[in-house]
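Student: below: sequence and its predicted model.
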Amino acid sequence: MKIIENGKEIVLTPIPELLNCSQEVYKNYFCDTEGGRIWSVRSGRFLVSNPNHKGYCYISCKVGGKGRSYGVHVLVYSSYSGMKQSDWRTMGLEINHIQENSKHINEISNLELITHKQQFQDKHDPYIRAKMGTSRRLNVENARYILKSWIDYDGEKRSVFVWEMVERFGVGYQSIIDLLEGRSYKNLEGIV
């Protein structure tokens, strides 16, 4: 399928990943792999996708009147490769965003299939050590300090605060998230 956008011809390709749902869904959505966008036949436009708190973009495809969420990077790679996510997962592969801090850029030129082990090498993501965590753990005083700092924090983005705490205390990103969301140090909730 082809469309014209701003005088430029764009080739839209089918998305095998959507065959998991039904033939109806498969025929209603196409992909611009070069632009990393999903086209809705029903609305005649590209779907808007905004990054979530981890930076990944998702869209909702209607299946029998209900929306189902899909990662845009998964749909783009599926359309490009002609495979479903289950196919490359059985080969032990995952999608990696090539450019640094670019999980919201889903153009095929920014996506590659690599092994899980390769994803955790510094050359693929220089921030991987912070995301994976370290052998260090927060102690009670540091956890209390972070919680008090979070209460007093006047910045707009939680992720900025979390990265500041990761750098300051040398722990993993998820450790700070778990603390802020009450999954760790639950005994501090009333004390702070």
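Tutor: The structure has been received and is ready for your questions.
Student: touching, residue 41 and residue 31? I think so.
Tutor: No: using CB atoms under 8 Å, residue 41 makes no contact with residue 31, being 11.8 Å away. C-beta here means a position set from N, CA and C on the backbone, and glycine is covered the same way.
Student: what about these two, which has more around it?
Tutor: With other CB atoms under 10 Å as the criterion, residue 41 and residue 31 differ in neighbour count, and residue 31 comes out ahead with 28 against 12.
Student: quick one, what contacts that one?
Tutor: With contact taken as CB atoms under 8 Å, 6 or more residues apart in numbering, residue 31 is in contact with 12-15, 37-39, 75-76, 78-80.
Student: let's have those residues in JSON lines, adding neighbour count.
Tutor: Supplementary listing: the contacts of residue 31 in JSON lines, determined by neighbours: other CB atoms under 10 Å:
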{"residue": "12", "neighbour count": "20"}
{"residue": "13", "neighbour count": "16"}
{"residue": "14", "neighbour count": "16"}
{"residue": "15", "neighbour count": "27"}
{"residue": "37", "neighbour count": "24"}
{"residue": "38", "neighbour count": "25"}
{"residue": "39", "neighbour count": "22"}
{"residue": "75", "neighbour count": "29"}
{"residue": "76", "neighbour count": "28"}
{"residue": "78", "neighbour count": "27"}
{"residue": "79", "neighbour count": "23"}
{"residue": "80", "neighbour count": "15"}
